[in-house]
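Participant: Using only what follows, build the 3D model:
(3 chains)
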Amino acid sequence: MSRQSLAARTGDRIAVSLAYGVIGLGLAFLAIPLVITCLMAFDARTYLGPLPPPALSLHWFERLVSQADILTSLRTSLILAVLTTVLSVTIGTAAAVGLARANFPGKAALTSAFLSPLIVPPVVIGFGLLLFLSKAGITNGMARLLLGHVIVTLPYCIRTSLASLLGSDQRLTEAAMVLGATERQAFWTITLPLMRTGVVTGAIFAFAISIDDVSISLFLSDPSATTLPVTLVSNMRAAFDLTIAAAAVVLIAVTALLIVVLDRVVGFDTVVGQGLFRS
Amino acid sequence: MTKVRRQPVAISIPDRRDAALTLGPALLVFAFGFLLPLINLAIESLKEFTPGRVGSVENAAATVQNYYELANQAFASVLLTTFWIGGVAAIIGQLVAFPLAYFIVRRISPRMRALTLGFLITLVLSSVLIKTYAIELTFGSVGILRPLLLTLGLSPNSREYINIVVTAGLVHSIIPVATLTLIGAMQSIDPRLLDAAQSLGAPGWKAHLSITLPLSFPALISSTLVSLTFAISAFVIPMVLGRGRVLFISNVIYTRFSDIANYPSGAAISLVMLAAALAVVAVITFAQAWKVSR
Amino acid sequence: MISAVEFQGVSKRFGETVALGNISFSVNSGETIALLGPSGCGKTTILRLIAGFERPDKGSILIDGEPMAGLKPYERNVGLLFQHYALFPHMTVEQNIGYGLRHRNHPSGQIPRRIAEMLELVRLVGFGQRRPHQLSGGQQQRVALARALATHPSLVLLDEPLSALDAKLRHELRTELKDVLAAVGSTAIVVTHDQEEAMSLGERIFVMNRGAIMQSGRPDDVYWRPDSHFVADFMGRTNWIHGSISAAGGTAGKFRSESGWEFPVAFTGSLSGAAEICVRPESVEISSGAPGAGAMPGRVADVVTLGAFRHIVLDLVSGDRLISACPNRPDIAFARGQEISVSIPPEACVLFAR
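Facilitator: Residues are numbered from 1 along each chain as shown, chains lettered A, B, ... in the order given. This is a model prediction of the structure:
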């Protein structure tokens, strides 16, 4: 073996080890905090002590569900998430159809405009909404939260629906019309089913984002309508204990469930390729 | 032969009506929930504020006082912190995401790939509050893994330590999104290109530098952009992990609002922050276009 | 006799581009014609106008004698086989084929039987429950054909039906397509850029360029008697010789090439002066003996074997380079560098003014 190729091989080996090291550390870094949190949620001690927990118990979970403010805000969050999802998916799908078929100049600009809330800092959206809605006289907490959540989830729904439409919609609609379907019939039997994956992905993302939102909800919540994350934040400030860990276990379980649904209905490969994580 | 439906109708113009129907609701939501609030913010930022009152003074003349007030060291320091920590976190995120994305696309079995993708998407959809709490639990002041970081010679309550924990919190949220973005781009790179490079004498790592890296460059830029805007807009992460000593711009906005009720100043800072986010988008978009045109 | 399709003075532009300029033609009932031309020539526009996706700016279109003005695609009974098939990905083969039947008010009790008939017609019995992504390219094409024909359309439009398939499949499906169209008896219009496809499928060919019909006729007529340089060039490999008519004379004249080669040509018609000759490779005669009158000596530059026949590249003493085509048979063999003499039969020359 020549000197050159020995050097090349060693260089290669070093580079590969380095890469695997980075990958391993990265994955560990992502997983370990969550694993620790889930583990500590079952800690039998009534205070926050070092790892490992000497005994396991469910008392933190009992504490979690016994707090009235947590249960109320959970209910609020769930209702809000469902409403947000329904509204965002409907409005977003309709907008995607409109954008995909549009023929007017400025279509690209309009699409960018619709997607622009994604680059605006959530705090700015939340603060701006609060000031504006107060000025406009809209004081209902739930209504405010709903508008805030819809604004941040709508771009996702538009993007996923648009991705699943582009490229084939026009051809397939023409095929349907030549076979005898009117524009309306073609829409319901061809266009809408075609968007199924985009709609489902958008719905799942909308639900998850709504449930998890902190920045916007912090501004728009009021005593009559408070979301779960907002309640958890104030609990965290008051006492940093493991009740939140118990909440974490529950929320992670719910998210994992959503992911399973996402895989069954849409499939991960489609999600990745679909435009949510498009460059 | 089947009869053809024969009602010759006047050529209608469904297009404009359909456009209104499909785009109307979105336009309404967008105008009412986004555009008008932003315009209102701009107006508010030009209003006068008297300490001790809530909100702005009625009927006062427009003023740029709120913006002048930002030209002080405290705010500049917050800006610096936000961009510095945000930038570092964005870059570390890409450094991890890049090999991870390649690994997922080319090196593991389909079943492992599905599991890993599921893991990453779960992280993306998980509450940022939960993830931040987990980091604080693991590395924070009552942190479980604190001894690990202490061995690196950092005092637990020092500013440096808190900076590191905040950066860690940001990186934890950045890696999954960046990885998923880069996976999409890497899937479109023909694996035979690497074979060709190697058959022409390039060792593995050189082949990657000359093939995989340049071909994923647009995606890498875009991913850095997304990560950077996320990092500078971060609110929960610096709030929980910064423990009041590390402040990002969004935290300052919140304190203006909740502690002092100085809405005009909060509005001014919001617009500065918005300008900063748009500047990041513009810079990287132009860099992308410039790179492509070369 | 009412034509199946008739175009009367149809014009269409898209923005600044003229897609069709004053087109008129008619297609007889039961005929299969091919619209042949390069991309942008307007052939796809004609298809879309017949189907109803575009409206003509001027002129009228009649199907079975009825004007189509103002009729939507779903109000015309035209079958369309899309390029790349446009099968509905979320439906099975049966559901795809049945779509037209359901939307054109076919008696619902008879739909399953009709679907089964179509599957048999395209030889896909047993594939009814599959989805498009589970089918090969050839199978998808047959489903698309079955779907287009299911509703008994009197007119079938086929947009580049064989272009997405590989060569071998193309040849097989070509025959099947002809059989199916003959069995069904509909009038068919095939749009293609492939001259071979047009000649094999069409009973008549319309050669188009830049929104106009250059020539129409039976394949052999268009091939052997093109009436323009464009058509001659587009219809297949051809040799071009530039020169001038040295002796005019109606049906017997003489042609002198720029390189100084003089030989007799028939059918000079009313041409005189500078001209060019189009000679098909298969008409170029090669002999190994001494050159006769009008023949030119030369040598074989290259022999390219293309399967069933060969192209012989000839370098003539006069400086011209010609290509001759001959069957790939062992008794007709040429070697590189071999000295031969070349002659062109007078009737094989088609003359154009220059």
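
Participant: doesn't residue B:274 make contact with residue A:121?
Facilitator: Yes - if you go by CB atoms under 8 Å, residue A:121 and residue B:274 touch, sitting 7.0 Å apart. (Glycine included, C-beta is placed from N, CA and C.)

Participant: what about residue B:34, how many neighbours?
Facilitator: As a burial measure, residue B:34 scores 24 neighbours (other CB atoms under 10 Å in any protein chain shown).

Participant: host element of the residue lying closest to residue B:33 once chain neighbours are set aside?
Facilitator: Closest residue to residue B:33 apart from its sequence neighbours, by CB to CB, 6 or more residues apart in numbering or on different chains: residue A:151 at 4.2 Å. In this structure, residue A:151 sits in helix A:141-165 according to DSSP states H and E.

Participant: counting contacts, what elements does that helix pack onto?
Facilitator: With contacts taken as 3 or more CB pairs under 8 Å, 6 or more residues apart in numbering or on different chains; DSSP states H and E, helix A:141-165 sits against helix A:68-101, helix A:107-115, helix A:122-136, helix A:196-212, helix A:215-220, helix B:14-30.

Participant: Would you reformat these as a markdown table and include mean neighbour count?
Facilitator: What follows is the helices and strands packed on helix A:141-165, written out as a markdown table (neighbours: other CB atoms under 10 Å in any protein chain shown):
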| stretch | mean neighbour count |
| --- | --- |
| helix A:68-101 | 20 |
| helix A:107-115 | 15 |
| helix A:122-136 | 24 |
| helix A:196-212 | 24 |
| helix A:215-220 | 26 |
| helix B:14-30 | 16 |
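
Participant: and residue B:101, which of these is closest to it?
Facilitator: Smallest distance to residue B:101 across these (CB to CB): 19.8 Å, for helix A:196-212.

Participant: just the angle between that closest one and helix A:68-101, please?
Facilitator: On the basis of axes from the mean of the first three to the mean of the last three CA atoms, to 10 degrees, helix A:196-212 is oriented at 150 degrees to helix A:68-101.

Participant: Could you tell me the angle between helix A:196-212 and helix A:141-165?
Facilitator: Using the same axes, to 10 degrees: helix A:196-212 against helix A:141-165 is 150 degrees.

Participant: Show me how far helix A:196-212 is from its chain's centre.
Facilitator: Centroid displacement of helix A:196-212 relative to its chain, using CA atoms, centre = their mean, to the nearest Å, is 6 Å.

Participant: anything in it near chain C?
Facilitator: Yes - with CB under 8 Å from any CB of the partner chain as the criterion, chain C is reached by helix A:196-212 at residue A:196.

Participant: if we can go back for a sec, weakest of the helices and strands packed on helix A:141-165 by average pLDDT?
Facilitator: Lowest mean pLDDT within these: helix B:14-30, a mean of 82.

Participant: Point out the other helices and strands that it packs with.
Facilitator: In terms of contacts (3+ CB pairs under 8 Å, 6+ apart), helix B:14-30 is packed against helix A:68-101, helix A:107-115, helix A:141-165.

Participant: Which positions in the last one come out as buried?
Facilitator: In this case it means helix A:141-165. Buried residues in helix A:141-165, counted by 16 or more other CB atoms under 10 Å in any protein chain shown: A:141-142, A:144-165.

Participant: That one - what's its average pLDDT?
Facilitator: The pLDDT scores in helix A:141-165 average 91.

Participant: buried set for whatever helix or strand comes next after that helix?
Facilitator: Toward the C-terminal end, the helix or strand that comes next after helix A:141-165 (DSSP H and E) is helix A:169-178. For helix A:169-178, burial by neighbour count (16+ other CB under 10 Å) applies to A:169, A:172-178.

Participant: what do you get for stretch C:246-258?
Facilitator: Buried, per 16+ other CB under 10 Å, within stretch C:246-258: C:253-255, C:257.

Participant: Other residues contacting it?
Facilitator: The contact list for stretch C:246-258, computed with CB atoms under 8 Å, 6 or more residues apart in numbering or on different chains, reads C:241-245, C:262-269, C:271-272, C:275, C:277, C:318, C:320, C:346, C:349, C:351.

Participant: so how far is it off the chain centroid?
Facilitator: 32 Å.

Participant: contacting residues for the residue nearest to residue C:280 when sequence neighbours are not counted?
Facilitator: Nearest residue to residue C:280 in three dimensions, chain neighbours excluded: residue C:238, at 5.8 Å (CB to CB, 6+ apart). Neighbouring residues of residue C:238 by CB under 8 Å, 6+ apart: C:232, C:278-281.

Participant: And residue A:195, by the same measure?
Facilitator: Residues in contact with residue A:195 (CB under 8 Å, 6+ apart) are A:93, A:96-97, A:161, A:164-165.

Participant: do that again at 7 Å, thanks
Facilitator: Going by CB atoms under 7 Å, 6 or more residues apart in numbering or on different chains, residue A:195 touches A:93, A:161, A:164-165.

Participant: With distance to residue A:31 as extra columns, can I get these in a markdown table?
Facilitator: Conversion of the contacts of residue A:195 to a markdown table gives the following (distance: CB to CB, whole Å):
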| residue | distance to residue A:31 |
| --- | --- |
| A:93 | 35 |
| A:161 | 32 |
| A:164 | 32 |
| A:165 | 36 |
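
Participant: closest to chain C among those residues?
Facilitator: Distance to chain C across the contacts of residue A:195 (CB to the nearest CB) is lowest for residue A:164, with 10.9 Å.

Participant: give me every residue that touches that closest one.
Facilitator: A:194-195, A:197-198, A:274.

Participant: Closest to residue A:6 out of the buried residues of stretch C:246-258?
Facilitator: residue C:257 (67.5 Å).

Participant: For chain C, give me the ranges with low pLDDT.
Facilitator: Across chain C, the ranges flagged by pLDDT under 70 are C:249-251, C:268.

Participant: Contact residues of it facing chain A?
Facilitator: For chain C, the residues in contact with chain A (CB under 7 Å from any CB of the partner chain) are C:51, C:53, C:73-74, C:78, C:80, C:82, C:86, C:88, C:90, C:99-100, C:103-104, C:151.

Participant: quick check, residue B:50 in a helix?
Facilitator: No - assigned with DSSP: H, G, I helix; E, B strand; the rest coil, residue B:50 falls outside any helix and is coil.

Participant: and it, how many neighbours?
Facilitator: The number of residues packed near residue B:50 is 11, by other CB under 10 Å.

Participant: quick one: secondary structure of residue B:47?
Facilitator: Quick answer, by three-state DSSP: residue B:47 is coil.

Participant: correct me, but it touches residue B:265?
Facilitator: No - checked against CB atoms under 7 Å, the pair residue B:47 and residue B:265 is beyond contact range at 9.8 Å.

Participant: longest single helix anywhere in the chain?
Facilitator: I went with chain A, as the question did not name one. In chain A, taking DSSP state H as the definition, the longest helix is helix A:3-40.

Participant: try again with chain C
Facilitator: Longest helix of chain C, by residue count under DSSP H: helix C:167-184.

Participant: and after that helix, which helix or strand comes next?
Facilitator: Following helix C:167-184 in sequence, per DSSP H and E, is strand C:187-192.

Participant: mind checking the SS state of the nearest residue to residue C:68 once chain neighbours are set aside?
Facilitator: Nearest non-adjacent residue to residue C:68, counting by CB to CB, 6+ apart: residue C:61, 4.8 Å away. Following three-state DSSP, the label given to residue C:61 is strand.

Participant: Just confirm residue C:141 contacts residue C:85, I think it does.
Facilitator: Yes - contact criterion CB under 7 Å: residue C:141 and residue C:85 qualify, at 6.2 Å.

Participant: And the furthest pair within the residues of chain C next to chain A?
Facilitator: Farthest-apart pair in the residues of chain C next to chain A is C:78 and C:90; separation 24.3 Å (CB to CB).

Participant: sorry, back to before: mind checking which of residue A:121 and residue B:274 has more residues around it?
Facilitator: residue A:121 (24 against 20).

Participant: and the more buried one, how far is that from chain B?
Facilitator: From residue A:121 over to chain B the distance is 3 Å, taken as CB to the nearest CB, to the nearest Å.
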